[in-house]
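**Student:** coords below, sequence missing:
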C-alpha cells in the first residue's frame, strides 16, 4: 500500500512538472507571437502598390506631392516611391572597404519604407539629397562600428553622408532618388495612418492622378487584422480550459451553485469581451455597405486569396521576406501556444483530484 502511495505521488509530481514545462513553453511561444506581430503593426495604415515594369513616373509623383501641400488636403496620404537594386557596391572612401548591398532609392520619407528600429541617428527627411541610411550590417562591414552618423560613403558613383543606422542585419543602403535622377518607380506606398477604407482611398488616388492601373496592392490593414486575431488564439484556449475546469473542479461541489455560476460567467464574459475588443478589428474594406449583401464576404475573401497569390509571385524585396517571416512566425507561434494550452488543461483535468461528476 505504501509503495502504491509513493508511486502515485511520484507520478503526480512528474505530471505536475510536465504541466509546468508545457505551460512555460506556451507562454514563451505566445510572447514570440506578440513580438513578431509588432513588426507588422507599423504597416497597418499603409497600402503599397507594386507595378510590373516602369511603374509611376517622377512627373506624376511631383503632382501628388504638390496636391498634398495644399491647405485643404488635410487627409492626404503620405506618399513615397522607391526602386530596388541588388548587389550594388558601397564603399568607404577613406578605408577603402567595400560591400555589395541592397540599394533602395527613395523619393519621399525613408522611414515609411523601412520601419526598422534605429541604433544611431535618424531617417533624415525627404528633401535631403545628400543623406543616406545604412543597416548595422553595412556599418560594421564598412566602418567596424555603428557609430558612423556623419561619415561619408560612395554608392553608384556619388558620395552620401550617413544620417542614420537601422538595426537590420542584412547589407542595405537607402539613398535619395532625387539626386540619382530616377525617372520611374515600380513601388509606391500611400500611408493613411488612423484612417479606414484604404483600398477605396488608394483607388481614388490612382484615378485622380492617372497612375498605371495594372498593379498589385498590399493592404497593410488586412494583414494586421489577421495578426491581431491570431494573437488571441491562446486567450481563447485559456478560456475554454477555464470553463471546463470550472465545470469539473471538485472543490466547488459543496459551495453555493449560484455563486459558482456567477463567478464563471463573470470571468468568461470579461475574457470574451477583452478578446473580441482586441482581436476583431475589421478593415474598412470588410464592412459591407448593405448588411443584406450576403455575397459580399465571399467575393472579398476570393479577392484576398487572389491577392495573396499575386503577392507570392512578386519578386521579393528583402523587407518583404522579413515581413513574411514575421507574419508566419506570429501565426505559427500563436496557434502552437493555443494547442499547448489545451494540452496543459487536459493534463490538469486528468490528474487525480481535479475531476468529478456533477
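**Tutor:** That came through, no problem. The shown structure was predicted, so the numbers you read here are calculated from the model rather than taken from an experiment.
**Student:** how about the strands in the stretch 101-250 of the chain?
**Tutor:** Chain-ordered strands for the stretch 101-250 of the chain, with DSSP state E, counting those that start in this stretch as the definition, fall at 118-121, 131-135, 152-155, 158-166, 172-176, 184-185, 187-191, 215-219.
**Student:** got a markdown table for the ones you listed, with mean pLDDT, distance to residue 208 and mean neighbour count too?
**Tutor:** Where you see a C-beta, it was placed from the backbone N, CA and C, and this is true even at glycine. Compiled in a markdown table, the strands of the stretch 101-250 of the chain are given as follows (pLDDT from 0 to 100; distance: least, C-beta to C-beta, whole Å; neighbours: other C-beta atoms under 10 Å):
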| stretch | mean pLDDT | distance to residue 208 | mean neighbour count |
| --- | --- | --- | --- |
| strand 118-121 | 92 | 34 | 18 |
| strand 131-135 | 94 | 31 | 28 |
| strand 152-155 | 94 | 35 | 19 |
| strand 158-166 | 94 | 32 | 20 |
| strand 172-176 | 93 | 26 | 25 |
| strand 184-185 | 90 | 18 | 20 |
| strand 187-191 | 87 | 12 | 23 |
| strand 215-219 | 79 | 15 | 19 |
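**Student:** may I see those organised as JSON lines, with distance to residue 65 added?
**Tutor:** Shown next, in JSON lines, are those (distance: least, C-beta to C-beta, whole Å):
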{"stretch": "strand 118-121", "distance to residue 65": "25"}
{"stretch": "strand 131-135", "distance to residue 65": "18"}
{"stretch": "strand 152-155", "distance to residue 65": "24"}
{"stretch": "strand 158-166", "distance to residue 65": "21"}
{"stretch": "strand 172-176", "distance to residue 65": "14"}
{"stretch": "strand 184-185", "distance to residue 65": "13"}
{"stretch": "strand 187-191", "distance to residue 65": "12"}
{"stretch": "strand 215-219", "distance to residue 65": "20"}
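**Student:** closest one to residue 76 among those strands?
**Tutor:** Closest approach to residue 76 among these (C-beta to C-beta): strand 187-191, 9.5 Å.
**Student:** now do that closest one: which elements does it pack against?
**Tutor:** Contact partners of strand 187-191 among helices and strands, from 3 or more C-beta pairs under 8 Å, 6 or more residues apart in numbering; DSSP states H and E: strand 46-51, strand 78-92, helix 198-208.
**Student:** list phi and psi for the residue nearest to the spatial centre of the chain.
**Tutor:** When C-alpha atoms, centre = their mean is applied to the chain, the residue found nearest the centroid is residue 40 (1.3 Å). The phi/psi pair for residue 40 (degrees, to the nearest 10) reads phi -80, psi -30.
**Student:** OK, contacts around it?
**Tutor:** Residues near residue 40 by C-beta atoms under 8 Å, 6 or more residues apart in numbering: 220, 223, 224, 227, 323, 326, 327, 330.
**Student:** where's the dip in pLDDT among those?
**Tutor:** Between those, the one the model trusts least by pLDDT is residue 323, at 74.
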